[in-house]
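Trainee: Just to be clear, the model below is a prediction. Sequence and coordinates:
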Amino acid sequence: MDIKEIMQPENLVYKKPELLNDTAMHYCPGCSHGVVHKLISEVIAEMGMENKTVGVSPVGCAVFAYKYIDIDWEEAAHGRAPALASAVKRLWPDRLVFTYQGDGDLACIGTAETIHALNRGENITIVFVNNAIYGMTGGQMAPTTLMGMKTATCPYGRDAKLHGYPLKVADIAASLEGTCYVTRQSVHTVGAINKAKRALRKAFEYSMQGKGSSLVEMVSTCNSGWKLSPEKANKWMEENMFPFYNLGDIKDTGANNQ
Amino acid sequence: MAEREITLMKGNEAIAHAAIRCGCDGYFGYPITPQSEVLETLAEQKPWETTGMVVLQAESETSSINMVYGGAATGKKVMTSSSSPGISLMQEGISYLAGAELPCLVVNVSRGGPGLGTIQPSQADYFQSCKGGGHGDYRLIVLAPSSVQEMADFVYLAFELAFKYRNPAMILTDGVIGQMMEKVELPPFKARRTEKEIIEQCPWAANGRPAGRKPNIITSLELDPAVMEEINIRLQKKYAQIQENEVRVEEFMLEDAEYAIVAFGSAARIAKKAIEMAREEGIKVGLLRPITLWPFPIKEVEALSKKVKGILSLEINAGQMVEDIRLAVNGRIPVSHYGRLGGIIPAPDEAVVELKKLIK
C-alpha cells in the first residue's frame, strides 16, 4: 500500500481543528504555545461557540495568536487583556470571552488588571502560559523565573537579594472570592495535553454558566529562551518547574456554585 | 412628563445624564476630583436597570481606558471620564484606540498640574489633548464645552463624530464647567442600538464571527514598515478630512470688532464678560471661541487676523492654544497671551488690562 492509498478520508483518525488556520506559526519548534492554541480551537468548536467567541491576545510571544485561530480577536496593550475582556463580557454576556497571556504580560505589567478582573468574578477565562521567561524580547527575567535560573537580565541566576522571588499567580488567584476555577496544567505529554484540554473546557463552560472567573495556567517550556532542545526543555520543566509550580486543580467551586 | 425637560445640575451630572440618554452602552471609570460626580451620578441612576447600560468602576484609569478599548472594539458605544492625572495614565490606551481606529468618548474634567498639582480648574491639558499625549502620529477629536448645556449636547456630538470617523473623541472641560450648576435642557432620549444594529453598522467590530465572515481582528500592530506606513497615511487622510469638515466655532460680537479675544471653554465665559466691560470703555472687541480644539479653526483664525488689529489668547494655562493661533495668524498681527496658573481663574478685569496692553 502506498501513501496515497493510505491517505483516504475513511482512514482519518486525527486532524487539525478547523478553527486553526493554515498560517505558518511563528513559534519556535518545541514551544508550548502551538499545542495550547490547538486545544483552545478544539474546545471552542466542541462547545459550538465558533460564532460567539471573542479572544483577547497579549503582548508577548502570543501577540499574533489572532493570526492562527479563526475567531474574532482584540489585541490588547501589554498586560491589559483582562480589562478588555471584562468589558467585552459585560457588554456581550452571551459571548465566550477569554484572554491568552504570558507570564510577563499577566504576572508583571498586568498584575493589577489580572487580580481585579479575577476578583470581580468576571465571567471570563484567563489562559496563562507560564514559561518563566520573556520569550519575545529575547529571554529576559520574568516574574515567574525560578530562583537561580539564568536569563539575559539575570545572567548569574535569579538571586532573591537582587530580584526578589518568583510569583505564584495561580495561588493568588485561588485566594480571590471572584474565581471559581484555578488550575495548573502542562502540555508536554499526551496525557498532560488531554488533561489540559479538559481543564480548558471546564473553564470555558464555567464562563458561559456565569460562575465567575477562571484561570488556567499552562506551565510551559521556552526552549529558545532556556537554550535547551525541545526534549531537554521538557525534562528541565519536569525537574525544575513542576516542583515549584505544582500541577493540578487549586480551586474548583464551579460544580457546587449554582 | 413635560415636553422639555429643563433642570438645574452640575456639568459632571449633565455628562452622566446625557450618556444614559444618548444610548451609551458602557461607562468605565475611576474616581478623581473634580469629575467624580460622573461615576456617582451613573451609579445613582442605575441605567443597567433601565437602558441596559453597563457602569463599572475600574481598578485604575489604565484599566478604565482599556475597558473602553475592549468595548469599543466590539462596536459598542462606550466612554470614560477622568481628570488630568488620570487622563495622563490613560494615554497609552488612547494611543491604542486611535491606532486601532476605535470610536469612543473620553471626558477630561481637567485640573491644574503638573504632577498631582491641584484639584482647582485649569486648561493646561490643551497640548496633551490636541498634540498627542500618547505615542505615535494620531489625533483626537477634541470638543470644548463652555456651559452645562454643552456638556450634555457634546456627549451626543462626540459619539456622532467618533463613530463617523472611527476615532476616539474627547470632551476637554475643566473643574469650572464640571462643578458649576446651570440650567440644562437634556437632549432627547435615544435608544441603545440592538446587537443586530451594531453588527450591521459596525461590520469591522470583533463581537463574535458569524458563519461565513472572516475573523475581525482589532489591532494596532503591523511589523512590516511598508504596510505600517500605508496605515499611517490612511490615518492622516482621515485626519485631513476631519480638519476639513468638522471645525466648529462660536463668534461673539465680532461684526464691528477691531480686536479679538480667542478663548475656549470656561475662559470663553470670562472673555465674554471682559468684552462687555471693554466695550463700555469704547474698545471694539469680540470673541472667537473654538468649540473644536482639534480640528483647530485654522481658517477662521486666519480670516480673523485679516479683519482685526490684534488677538489676545485668554487661557487658563501658561500659553498653549496661543501657539496654534500664532501659526494661523502667521505674523500678520500681534498675538498676545494671558493666563493664570495652578488653579487660579483669570478675572474679566485682568483680561481687559491685557487687552489694553495689546492695543498700545
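Mentor: Right, received. Where do you want to start? Residues are numbered from 1 along each chain as shown, chains lettered A, B, ... in the order given.

Trainee: Tell me which residues of the longest helix anywhere in chain A come out buried.
Mentor: Counting residues, the longest helix in chain A under DSSP state H turns out to be helix A:190-209. Neighbour counts over helix A:190-209 (16 or more other Cβ atoms under 10 Å in any protein chain shown) mark A:192-193, A:195-197, A:199-208 as buried. Quick note: C-beta positions are derived from backbone N, CA and C, even for glycine.

Trainee: Quick one: name the residues of the stretch 1-150 of chain B near chain A.
Mentor: The stretch 1-150 of chain B has residues B:25-26, B:28, B:54, B:56, B:58-60, B:62-64, B:66-71, B:73-74, B:76, B:78, B:92-93, B:96, B:100 near chain A, with proximity defined as Cβ under 8 Å from any Cβ of the partner chain.

Trainee: Go through these and flag which are in helices.
Mentor: Short answer: the residues of the stretch 1-150 of chain B next to chain A in helices (DSSP H) are B:62-64, B:66-71, B:92-93, B:96.

Trainee: quick one, what contacts B:Gly113?
Mentor: B:84-85, B:122, B:124-125 (Cβ atoms under 8 Å, 6 or more residues apart in numbering or on different chains).

Trainee: Give the phi and psi angles for the residue of the stretch 51-200 of chain A found nearest chain B, as a check.
Mentor: Nearest residue of the stretch 51-200 of chain A to chain B: A:Leu84, at 3.1 Å (Cβ to the nearest Cβ). The phi/psi pair for A:Leu84 (degrees, to the nearest 10) reads phi -60, psi -50.

Trainee: unless I'm mixing things up, it is touching B:Asn66, no?
Mentor: Yes. Using Cβ atoms under 8 Å, A:Leu84 is in contact with B:Asn66, at 5.6 Å.

Trainee: shared neighbours of those two, anything?
Mentor: With Cβ under 8 Å, 6+ apart as the test, A:Leu84 and B:Asn66 both reach A:Ala76.

Trainee: before we move on, back to that, and the buried residues of helix A:190-209, which two are the farthest apart?
Mentor: For the buried residues of helix A:190-209, the maximum inter-member distance is 24.8 Å, found between A:Ala192 and A:Met208 (Cβ to Cβ).

Trainee: all helices of the chain, in order?
Mentor: In the absence of a named chain, chain A is used. Counting by DSSP H, the helices of chain A are A:3-6, A:33-46, A:81-91, A:103-104, A:111-119, A:160-163, A:169-174, A:190-209, A:223-226, A:230-236, A:242-244.

Trainee: wait, chain B
Mentor: B:11-21, B:37-45, B:61-72, B:84-89, B:91-99, B:126-130, B:148-165, B:175-179, B:195-201, B:225-245, B:265-280, B:298-305, B:321-329, B:348-359.

Trainee: So which elements touch the fourth one?
Mentor: In terms of contact count using 3 or more Cβ pairs under 8 Å, 6 or more residues apart in numbering or on different chains; DSSP states H and E, helix B:84-89 is assigned the packing partners helix B:61-72, strand B:104-110.

Trainee: Same check on the second one?
Mentor: With contacts taken as 3+ Cβ pairs under 8 Å, 6+ apart, helix B:37-45 sits against helix B:11-21, strand B:26-29, strand B:54-57.

Trainee: rerun at 10 Å
Mentor: strand B:6-10, helix B:11-21, strand B:26-29, strand B:54-57, strand B:78-82, strand B:104-110, helix B:175-179 (3 or more Cβ pairs under 10 Å, 6 or more residues apart in numbering or on different chains; DSSP states H and E).

Trainee: Equivalent analysis for the last one, please.
Mentor: Applying 3+ Cβ pairs under 10 Å, 6+ apart, one finds that helix B:348-359 makes contact with strand B:259-262, helix B:265-280, strand B:285-290, strand B:310-315, strand B:335-339.

Trainee: how far out from the middle of the chain is it?
Mentor: Relative to its parent chain, helix B:348-359 has a centroid offset of 28 Å by Cα atoms, centre = their mean, to the nearest Å.

Trainee: again with the third one
Mentor: For helix B:61-72, the distance between its averaged C-alpha position and the chain's averaged C-alpha position is 18 Å (Cα atoms, centre = their mean).

Trainee: Mind exporting the C-alpha coordinates of it to CSV?
Mentor: Output in CSV follows, covering the C-alpha atoms of helix B:61-72 (Å, rounded to 0.1, in the frame of the first residue of the first chain):
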residue,chain,number,x,y,z
GLU,B,61,-7.6,54.8,34.9
THR,B,62,-5.3,52.5,33.0
SER,B,63,-7.9,49.8,33.3
SER,B,64,-10.8,52.1,32.5
ILE,B,65,-9.4,53.1,29.2
ASN,B,66,-8.6,49.5,28.3
MET,B,67,-12.1,48.5,29.2
VAL,B,68,-13.2,51.3,26.8
TYR,B,69,-10.9,49.8,24.2
GLY,B,70,-12.4,46.3,24.8
GLY,B,71,-15.9,47.6,24.5
ALA,B,72,-15.3,49.9,21.6
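
Trainee: can you pull the pLDDT of the closest residue to A:Ala192 other than its chain neighbours?
Mentor: For A:Ala192, ignoring the flanking residues on the chain, the nearest one in space by Cβ to Cβ, 6 or more residues apart in numbering or on different chains is A:Ser186 at 4.8 Å. Among the per-residue scores, A:Ser186 shows a pLDDT of 98.

Trainee: ditto for the one 5 residues further on
Mentor: Confidence per residue is given as pLDDT, and for A:Gly191 that number is 97.

Trainee: do A:Asn257 as well
Mentor: 57.

Trainee: same check, this time on A:Gly164
Mentor: You'll see A:Gly164 listed with a pLDDT of 97.

Trainee: how about it, phi and psi?
Mentor: phi 70, psi -160.

Trainee: thinking again about what came up before, of all the helices of chain A, which one is nearest A:Gly254?
Mentor: Short answer: helix A:190-209, nearest of the helices of chain A by Cβ to Cβ, at 4.4 Å.

Trainee: okay, the angle between that closest one and helix A:33-46?
Mentor: 50 degrees (axes from the mean of the first three to the mean of the last three Cα atoms, to 10 degrees).

Trainee: taking the helices of chain B together, which one is wrapped up most tightly?
Mentor: helix B:61-72 (a mean of 30; mean count of other Cβ atoms under 10 Å in any protein chain shown).

Trainee: Could you pull up the residues touching B:Ile87?
Mentor: Counting by Cβ atoms under 10 Å, 6 or more residues apart in numbering or on different chains, B:Ile87 makes contact with B:32, B:35, B:61, B:65, B:80-81, B:94, B:106-111, B:125, B:128-129, B:133, B:170, B:172.

Trainee: Tell me how far it lies from A:Ala112.
Mentor: According to Cβ to Cβ, to the nearest Å, B:Ile87 and A:Ala112 sit 18 Å apart.

Trainee: What of A:Ser207?
Mentor: Using Cβ to Cβ, one gets 21 Å for the distance from A:Ser207 to A:Ala112.

Trainee: same question, B:Glu222
Mentor: B:Glu222 is 28 Å from A:Ala112, by Cβ to Cβ.

Trainee: Between these two, tell me which one has more neighbours.
Mentor: A direct count of neighbours by other Cβ atoms under 10 Å in any protein chain shown for B:Glu222 and A:Ala112 places A:Ala112 higher, at 17 against 14.

Trainee: Now that one: closest residue in space that isn't a chain neighbour?
Mentor: B:Glu59 (5.5 Å).

Trainee: Okay, now the unreliable bits of the chain?
Mentor: Chain wasn't specified; assuming chain A. A:257-258 (pLDDT under 70).

Trainee: looking at chain B here, not the other one
Mentor: In chain B (pLDDT under 70), the answer is B:1-3.
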